[in-house]
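[1] I'll drop the sequence and a predicted model, then ask my questions.
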Protein chains: 2
Amino acid sequence: MTTHDNDAFKPIATVDLAIFSLSPAGLSVLLVRRANAPFAGEWALPGGWIHIDKDLDLEAAARRVLKEKTGVETPYLEQLQTTGSAGRDPRGWSISIVYIALLSADDVEKRRDAMAEDAEWRPVEGDGVGFPIAFDHAALLKEALGRIRNKVEYSSLPGHLLPARFTLSELQSVYENLLGRKLDKSAFRKRMAEADFLEPIEGELRRASNRPAQVFRLKDIKSLALFDRRI
Amino acid sequence: MTTHDNDAFKPIATVDLAIFSLSPAGLSVLLVRRANAPFAGEWALPGGWIHIDKDLDLEAAARRVLKEKTGVETPYLEQLQTTGSAGRDPRGWSISIVYIALLSADDVEKRRDAMAEDAEWRPVEGDGVGFPIAFDHAALLKEALGRIRNKVEYSSLPGHLLPARFTLSELQSVYENLLGRKLDKSAFRKRMAEADFLEPIEGELRRASNRPAQVFRLKDIKSLALFDRRI
DNA sequence: TGACTTAGTGGCAAATGTCAACTAACTTAG
DNA sequence: CTAAGTTAGTTGACATTTGCCACTAAGTCA
């Protein structure tokens, strides 16, 4: 292996984000309208070059892009995968480090004013958004959706799509929405208790329902609790 | 985001591999002695620059490095994570796309002559190798070991450390070695049947044991079967 | 105050997992 | 050739877990 610093070994490198939020209608993903070639005018996953003068590391780069596009800072950011090849970008050999970010609908709504003008939430339809998007971003989006739908079955991931405080019924609704099926209330509550990733906020009840419901929060807002057995 | 092609946005990019094999004594990892600065003379995970003139994509780059260092081609290569920051390489902002490769002891032995001279198998001790290694490779190795030890509990990963043909007892031994505990034979066999990732090779028995044992192969040599419930 | 809605819990039947003991297919020694 | 021994493979009793229906509880509303 030859070891010398020149452009023969330096690909284009970006971070790209699959940013999701959840409404009663289902998952939405954030897309941006590209201003410049290649793919000018087309929708894409938000992303950008790594600013080696500003970004201390990859996660910092991803967080910067997330903030720029949504105005939101999320505790939950997961690296999906890195894709890189000669053919994926007309400008040259390029690498994309792809992250998944999960935002609660609340946070999104609160920061709607701070959203980038070129960005828009689009409902997820099946494995994509129902229309073509730039680069290989359709494949990346499909991969991200696969990751989310898989992890819902064995982890606390849905909790990261809720506001910081939520009820068990709200959590169950998110699981059901992402799983695409109804869950038994008793079994669900038993599972959540067993998985031990929630803590009741003492003295805080949600009075919107007929019977006041206990409010919970995630014990760990940055990482997922993994279950021993799939739902 | 400014979009222009210059070195302000081009980090150093390499692929690095955590290559494992298993002996009765436990896991071993391949290390290489670095010839050049930085960290000249120190041990590191094998890796190298992406050759944008030769490598069609990242996986091709990883496979090239694997072949160069071990002489072996493995069906099983998994992307671990991508790490990148300003501080991890003295030469500048750098990214490493890290892969895990699993080789059977058989394949390693058969191709020992083709192994790179600067490469050496080292036994895994705890979360590392028991001595310092270059760059942030100790952290990467720890991460890779964590990934493997986690996935043993809910997937067919151990099958990828065996030769293409193996018996259930051999497979069980690998699980026990990586899990660090004994498994009940009957329960183990029931689990493997349930997970449905093995197929018996008709008419092929291993006669090394007292009672001839059925020989199996993995149904899918490139990807893992995931279990519904952890072992 | 009673009907209704939602939250939260209990308990039993069904399903699943554990593992000891069994049978089977050899090899080895006498 | 046969019995003993070793390993592979299977069975089934019992323990544990899970699913889910029905119950109680805490309100709101008319």
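    Yes, it's here. Numbering: from 1, shown residues only, chains lettered A, B, ... in the order given.

[2] Now do the strands for chain A: every range, in order, please.
    Along chain A, the stretches classed as strands by DSSP state E are A:12-23, A:26-33, A:43-44, A:47-49, A:77-85, A:94-103, A:119-123, A:166-167, A:198-206, A:213-218.

[3] Start and end of stretch A:67-75, how far apart?
    12 Å (CA to CA, to the nearest Å).

[4] got a list of what residue A:114 touches?
    Residues in contact with residue A:114 (CB atoms under 8 Å, 6 or more residues apart in numbering or on different chains) are A:70, A:71, A:72. Using the backbone N, CA and C atoms, a C-beta is placed for each residue, glycine as well.

[5] Please identify the most buried of the strands of chain A.
    strand A:94-103 (a mean of 25; mean count of other CB atoms under 10 Å in any protein chain shown).

[6] do that one and chain B meet at all?
    Yes. If you take CB under 8 Å from any CB of the partner chain as the test, strand A:94-103 does meet chain B, through A:95, A:97.

[7] State the phi and psi torsions of the nearest residue to residue A:106 once chain neighbours are set aside.
    Of all residues not flanking residue A:106 in the chain, residue A:163 sits nearest, at 4.1 Å (CB to CB, 6 or more residues apart in numbering or on different chains). Main-chain torsions, residue A:163, degrees, to the nearest 10: phi -60, psi 170.

[8] Over to residue A:183?
    Residue torsions, per degrees, to the nearest 10, at residue A:183 are phi -120, psi 150.

[9] Hmm, it is touching residue A:177, no?
    No. If you go by CB atoms under 8 Å, residue A:183 and residue A:177 don't touch, sitting 10.8 Å apart.

[10] on that earlier part again, wait, the residue nearest to residue A:106 sits on residue A:103?
    No. With contact defined as CB under 8 Å, residue A:163 does not reach residue A:103; the gap is 10.1 Å.

[11] what touches both of these two?
    Counting by CB under 8 Å, 6+ apart, residue A:163 and residue A:103 have no shared contacts at all.

[12] So for residue A:183 and residue A:177, which sits in the more crowded spot?
    The neighbour comparison of residue A:183 against residue A:177 (other CB atoms under 10 Å in any protein chain shown) goes to residue A:177, with 18 against 15.

[13] where are the low-confidence patches of chain A?
    A:1-8 (pLDDT under 70).

[14] Around DNA strand C, pick out the residues from it.
    A:167-169, A:185-186, A:189-190, A:209-214 (CB under 7 Å from any atom of the strand).

[15] so which of those comes closest to chain B?
    residue A:190 (15.9 Å; CB to the nearest CB).

[16] Break down chain A into its helices, ranges please.
    Applying DSSP state H to chain A gives helices spanning A:58-70, A:105-110, A:137-152, A:168-179, A:185-195.

[17] Get me the contact residues on chain A for DNA strand D.
    Residues of chain A lying close to DNA strand D by CB under 7 Å from any atom of the strand are A:184-187, A:190-191, A:194, A:205, A:207, A:210-212, A:228-229.

[18] on that earlier part again, redo the contacts of residue A:114 as a markdown table? Include distance to chain B and neighbour count.
    Output for the contacts of residue A:114, formatted as a markdown table (distance: CB to the nearest CB, whole Å; neighbours: other CB atoms under 10 Å in any protein chain shown):
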| residue | distance to chain B | neighbour count |
| --- | --- | --- |
| A:70 | 15 | 25 |
| A:71 | 16 | 17 |
| A:72 | 18 | 20 |
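
[19] For residue A:48, state which of the residues you listed is nearest.
    The shortest approach to residue A:48 among the contacts of residue A:114 belongs to residue A:70, at 13.5 Å (CB to CB).

[20] is it true that the closest one touches residue A:30?
    Yes. Taking CB under 8 Å as the definition, residue A:70 is a contact partner of residue A:30 at 6.4 Å.

[21] re earlier: what about the residue nearest to residue A:106, neighbour count?
    13.

[22] What residues are bridge-paired with the closest residue to residue A:89 other than its chain neighbours?
    Distances taken as CB to CB, 6+ apart place residue A:12 nearest to residue A:89, at 6.1 Å, with adjacent residues excluded. Beta bridges link residue A:12 to residue A:94, judged by DSSP bridges.

[23] With the one 4 residues further on instead?
    Counting by DSSP bridges, residue A:16 forms beta bridges with residue A:47, residue A:98.

[24] who are the neighbours in contact with it?
    A:45, A:46, A:47, A:96, A:97, A:98, A:99, A:137, A:140.

[25] I'd guessed the fourth one sits against residue A:49; true?
    Right, residue A:96. No. Using CB under 8 Å, residue A:96 is not in contact with residue A:49; the gap is 10.6 Å.

[26] intersection of neighbour lists for those two?
    A:13, A:14.

[27] Excluding chain neighbours, what is closest to the most centrally placed residue in chain A?
    The residue lying closest to the centre of chain A (CA atoms, centre = their mean) is residue A:101, at 2.7 Å. Excluding the flanking residues, the one nearest residue A:101 by CB to CB, 6+ apart is residue A:19, at 4.5 Å.

[28] Might you report the residue contacts of the one you found?
    A:29, A:30, A:45, A:46, A:66, A:69, A:70, A:100, A:101, A:102, A:103 are the contacts of residue A:19 under CB under 8 Å, 6+ apart.

[29] Quick one: neighbours of residue A:228, just the number.
    12.

[30] give the contact list for it.
    B:229, B:230 are the contacts of residue A:228 under CB under 8 Å, 6+ apart.

[31] Quick check: it vs residue B:102, distance?
    Distance of residue A:228 to residue B:102, given as CB to CB, to the nearest Å: 24 Å.

[32] With residue A:193 instead?
    37 Å.

[33] ditto for residue A:66
    Applying CB to CB to residue A:66 and residue B:102 gives a distance of 34 Å.

[34] same check, this time on residue A:99
    Distance of residue A:99 to residue B:102, computed by CB to CB: 26 Å.

[35] Mark out where each domain of chain A begins and ends.
    Per automatic domain parsing, the structural domains of chain A span A:7-152, A:157-218.

[36] mind checking the end-to-end distance for the shortest one?
    Spelled out, that is domain A:157-218. Terminal-residue distance, domain A:157-218 (CA to CA): 10 Å.

[37] which ones are touching the residue nearest to residue A:212 when sequence neighbours are not counted?
    Of all residues not flanking residue A:212 in the chain, residue A:205 sits nearest, at 3.9 Å (CB to CB, 6+ apart). Applying CB under 8 Å, 6+ apart to residue A:205 gives the contacts A:212, A:213, A:214, A:215.

[38] what do you get for residue A:229?
    Residue A:229 neighbours (CB under 8 Å, 6+ apart): A:154, B:228, B:229, B:230.

[39] nearest to DNA strand C, of these?
    residue B:229 (5.0 Å; CB to the nearest atom of the strand).

[40] Specify the beta-bridge partners of that closest one.
    Per DSSP bridges, the residues bridged to residue B:229 are residue A:229.

[41] What of residue A:23?
    Bridge pairing for residue A:23 - DSSP bridges - gives residue A:26.
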